[in-house]
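In: model this:
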Amino acid sequence: MKDHLEHRIEHLENEHANIDKRINGVESTGVFEDITLEVLKKQRLHLKDEIVKIKLKLAYEAGDQEND
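Out: Predicted coordinates:
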């Protein structure tokens with residue numbers, strides 16, 4: 001389970017970095033629709049939220065294992 005979650009985090013972090021690059025690229029052109037930027041930023045935030053949730057779950061599970 002732990003390996004699966006760690007791989008998931010890695011995948012989400014890669015997606016987050018890719019969206020970050022897209023946002024920076026869009027912003028650097030100065031020519032974009034606000035909705036495009038808004039959608040990308042919401043996607044990036046969603047990914048960050050998922051990463052945090054999984055990391056918290058892993059930390060919680062690690063704490064449970066120490067108590068066994």
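In: lowest-pLDDT helix or strand in this structure?
Out: Least confident element among the helices and strands of the chain, by mean pLDDT, DSSP states H and E: helix 34-66 (a mean of 93).
In: ok, for D20, nearest residue in space, not its chain neighbours?
Out: R44 (6.4 Å; C-beta to C-beta, 6 or more residues apart in numbering). C-beta coordinates here come from the backbone N, C-alpha and C atoms, glycine included.
In: my error: substitute K48 in the last question.
Out: Excluding its sequence neighbours, the residue lying closest to K48 (C-beta to C-beta, 6+ apart) is H16, at 6.2 Å.
In: my read is that the one you found contacts I51, right?
Out: Yes. The criterion here is C-beta atoms under 8 Å, and H16 meets it with I51 at 6.9 Å.
In: which other residues reach stretch 56-68?
Out: The contact list for stretch 56-68 (C-beta atoms under 8 Å, 6 or more residues apart in numbering) reads 1-2, 5-6, 9.
In: flag every buried residue along stretch 54-68.
Out: I54 (16 or more other C-beta atoms under 10 Å).
In: how far out from the middle of the chain is it?
Out: Averaging C-alpha positions (C-alpha atoms, centre = their mean, to the nearest Å) puts stretch 54-68 20 Å from its chain's average.
In: next, V31: secondary structure please.
Out: What DSSP: H, G, I helix; E, B strand; the rest coil gives for V31 is coil.
In: for it, grab phi and psi.
Out: phi -120, psi 100 (degrees, to the nearest 10).
In: tell me, how many residues neighbour it?
Out: Each residue near V31 was counted by other C-beta atoms under 10 Å, and the total is 6.
In: from L37, how far out is it?
Out: Distance of V31 to L37, given as C-beta to C-beta, to the nearest Å: 11 Å.
In: picking up where we left off before, which helix or strand contains the residue nearest to K48?
Out: helix 2-29 (DSSP states H and E).
In: identify the residue nearest E13 in space, chain neighbours excluded?
Out: E13 sits nearest to I51 (C-beta to C-beta, 6+ apart), 6.3 Å away.
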